[in-house]
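[1] fold the stuff below for me.
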Amino acid sequence: MEAKTILDSLDRDPNNKITGHKMASEKSQNVQDVFLNHVRKNKLPVTVFLVNGVKLQGIITWFDNFCVLLRREAHSQLVYKHAISTVMPAQPVQLFDPTDANEQQANEQEEE
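    Here you go, the predicted structure:
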């Protein structure tokens, strides 16, 4: 077994440029993080429905494992994820390339 260095734990793009640091337990991003990061980066307006029926609207400016920061006009609200039922963007979101998904599905069918 070979020794791992800190450089082995860095994410790299196809051109071998360093894009970030992956944690030891992190193998890939989960759909929740990909989705929230997409709406955050693109500053897409969202409607957040809470489990008690309350509807909040705004732009997600930050999130972590436990909370989402929602901004509307000049006010920010810290919303705990355990209270969130649904996050609905104001416009459609495409998180993956459908041609890649079709190719992957075709490859899986060939293996069967």
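[2] helices and strands of this structure: which one has the lowest mean pLDDT?
    Using mean pLDDT, DSSP states H and E, the weakest-scoring helix or strand in the chain turns out to be strand 18-21, at a mean of 54.
[3] surely Asn52 is in a helix?
    No. Checked against DSSP: H, G, I helix; E, B strand; the rest coil, Asn52 lies outside a helix; its state is coil.
[4] now the nearest residue to it once chain neighbours are set aside: how far from Lys55?
    The spatial neighbour of Asn52 that comes closest, neighbours along the chain excluded (Cβ to Cβ, 6 or more residues apart in numbering), is Ala83 at 7.4 Å. Where C-beta positions appear, they are placed from N, C-alpha and C, glycine not excepted. For Ala83, the distance to Lys55 (Cβ to Cβ, to the nearest Å) stands at 13 Å.
[5] who's more crowded, those two?
    Ala83 (14 against 10; other Cβ atoms under 10 Å).
[6] got the phi and psi for that one?
    When read as degrees, to the nearest 10, the backbone of Ala83 gives phi -90, psi -10.
[7] Phe49 is in contact with that one, correct?
    No. Assessed by Cβ atoms under 8 Å, Ala83 is found out of contact with Phe49, at 10.0 Å.
[8] for this structure, which spans come out with low pLDDT?
    Along the chain, the parts satisfying pLDDT under 70 run over 1-27, 100-109, 111-112.
[9] which residues in it form strands?
    10-12, 18-21, 45-50, 55-63, 67-72, 75-80, 84-89 (DSSP state E).
[10] am I right that Asn52 is in contact with Tyr80?
    No. At 12.0 Å, Asn52 does not count as touching Tyr80 under the criterion of Cβ under 8 Å.
[11] give me the more crowded residue out of those two.
    Just comparing Asn52 and Tyr80: by other Cβ under 10 Å the higher neighbour count belongs to Tyr80, 10 against 7.
[12] any idea how far the residue lying closest to that one once chain neighbours are set aside lies from Ile60?
    Ranked by Cβ to Cβ, 6+ apart and with sequence neighbours excluded, the top spatial neighbour of Tyr80 is Cys67, at 5.7 Å. Look at Cys67 and Ile60: by Cβ to Cβ, they are 11 Å apart.
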